[in-house]
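>>> I need the structure of the sequence given here:
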Amino acid sequence: MTHADVFEFLRGRRLAAVSSVSREGAPESAVVGIAVTRDLEIVFDTVKTSRKYGNLIANPAAAVVAWSGERTVQYQGLTREPEGAELDRYREIYFETFPDGRDRLAWPGITHFVIRPTWIRYCDFSARPPVMEEFSF
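Numbers count the residues shown, from 1 in each chain. I've put the predicted structure just below:
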């Protein structure tokens with residue numbers, strides 16, 4: 001299992017659960033549409049009125065789970081809300097996966113987050129023996 005394999009797995013997923021921590025310390029999760037960069041960064045959109053937006057602005061730590069059958073990626077990282085030319089670059093990556101994301105740019109308060117990984121675990125429990133591979137960044 002290589003970084004390229006993890007990229008291919010994530011690139012094949014359109015949805016993932018993103019978890020953040022509220023100001024009160026409570027865990028909160030939401031299913032979001034994801035795109036992935038070759039550096040294994042996850043890009044997603046949200047609105048500024050969402051709970052995850054406030055949580056990630058206050059505390060950039062996030063966890064993500066993506067799956068297909070018995071194959072999963074568990075992912076921890078740090079989020080940021082890109083701006084300017086960097087935002088344009090990440091939006092184009094997102095729009096490759098979600099062309100309709102361009103239409104959502106008209107929504108009030110729409111924004112994009114990027115999560116840079118700090119730790120990833122890939123598991124395939126359908127394999128015999130099961131495959132479990134960890135990556136630290």
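>>> Was I right to think residue 38 contacts residue 6?
No: contact criterion C-beta atoms under 8 Å: residue 38 and residue 6 do not qualify, at 10.7 Å. Every C-beta, even on glycine, is put in place using the N, C-alpha and C of the backbone.
>>> Which of the two has more residues huddled nearby?
Comparing residue 38 with residue 6 by neighbour count (other C-beta atoms under 10 Å), the higher total belongs to residue 6, at 21 against 10.
>>> What helices and strands are in contact with the lengthiest helix in the chain?
Secondary structure assigned by DSSP state H gives helix 84-97 as the longest helix of the chain. Under the contact criterion of 3 or more C-beta pairs under 8 Å, 6 or more residues apart in numbering; DSSP states H and E, helix 84-97 touches strand 35-36, strand 42-47, helix 101-104, strand 110-124.
>>> any idea which of the ones you listed is most buried?
Looking across the helices and strands packed on helix 84-97 with neighbours counted as mean count of other C-beta atoms under 10 Å, the highest average goes to strand 35-36: a mean of 25.
>>> Kind regards, and thank you for your time.
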